[in-house]
Structure formats: structure tokens, C-alpha cells
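Participant: Generate coordinates for the sequence data below:
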Amino acid sequence: MGIPSEMRDVWVQRTRNSFLIPSPAEDEKKMRAELFSQEGVRAGLKASAIAAVVSAVPTLIAVRKIPWAKANLNHTAQALIISGASIAAYFITVDKTVLESARRNSRAQFDKTD
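Facilitator: Got it, this is the predicted structure:
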């Protein structure tokens, strides 16, 4: 799967020798997009770490104290519970952070035109 090497080489040559020069606004947009995605990743990692701890403590306590959990939740199930919570927290937080950054940026652009 993927792009065959001949097509890839032609595409790379075509983009490298392009006569179009990107505007400074495009570079600024690209830098802003990278900044927003980095903000999202940082916030997502923080939320993921917190969610992992918050879900791990009750899961591990339940496995030791509750008879049903002790009988039915093996190590794989415990890991799935903890990782599922942290993965969900990561993606939800990244999505919210990037959307909030885009909303702030669009408001700033709109206010700049006035």
C-alpha cells in the first residue's frame, strides 16, 4: 500500500521546482496550526495522566476488595479499564483544546478586520 516510488519521485520534483512562492500568511497559518496542535497534545497528555491515576486507584482497590471483581477481572481487563479511560481523556481533551484555539484565532482574525 502507499504511493509507488515513481509517482512519489515525480510529485516531489514537481513540488520542489514549483514557480509558486508561498505567501508569508501561509507560513504564519502553518506555524499557528503547529502551535495549536502542540497545545492540544500537551493538554491531552496532562489529562491522560490524571485519568490513568484516577481510574487505576479504584480499579486496583476493587480487584482486591470486591469478590466479583477479584474473580472476573484479570490483569488484561484491569489494563483495558485503565488505558481506555486515559485514551478517551487524551482524545477528548486534544479535540477540545484544538477547537478552542481555532475559535480564539478566528475571533482574533475577525476582530482584526474591524
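
Participant: Identify the residue nearest the geometric centre of the protein.
Facilitator: The centre of the chain sits closest to residue 94, judged by Cα atoms, centre = their mean, with a distance of 4.7 Å.

Participant: What residues sit buried inside the helix or strand that residue 90 is a member of?
Facilitator: Assigned by DSSP states H and E, residue 90 belongs to helix 75-113. Neighbour counts using 16 or more other Cβ atoms under 10 Å place 78, 81, 82, 85, 86, 89, 90, 93, 94, 97, 98, 101 of helix 75-113 among the buried residues. Using the backbone N, CA and C atoms, a C-beta is placed for each residue, glycine as well.

Participant: Residue 24 and residue 43, how far apart?
Facilitator: 29 Å (Cβ to Cβ, to the nearest Å).

Participant: between these two, which one's more packed in?
Facilitator: residue 43 (18 against 7; other Cβ atoms under 10 Å).

Participant: Hmm, the more buried one is touching residue 94, no?
Facilitator: Yes. Residue 43 lies in contact with residue 94 (Cβ atoms under 8 Å); the separation is 6.9 Å.

Participant: what does stretch 27-39 rub up against?
Facilitator: Residues from elsewhere that reach stretch 27-39, judged by Cβ atoms under 8 Å, 6 or more residues apart in numbering: 97, 98, 101, 102, 105.

Participant: just checking, what packs against the helix or strand that contains residue 70?
Facilitator: Residue 70 belongs to helix 67-72 when elements are defined using DSSP H and E. Secondary-structure packing of helix 67-72 (3 or more Cβ pairs under 8 Å, 6 or more residues apart in numbering; DSSP states H and E): helix 24-65.

Participant: angle of the helix it packs on against helix 75-113?
Facilitator: Helix 24-65 runs at 150 degrees relative to helix 75-113, counting by axes from the mean of the first three to the mean of the last three Cα atoms, to 10 degrees.

Participant: In contact with residue 24, which residues?
Facilitator: Residue 24 neighbours (Cβ under 8 Å, 6+ apart): none.

Participant: I'd like the distance from the helix holding residue 90 to the chain centre, please.
Facilitator: 6 Å (Cα atoms, centre = their mean, to the nearest Å).

Participant: Locate the residue of the chain with the greatest distance from its centre.
Facilitator: residue 67 (37.4 Å).
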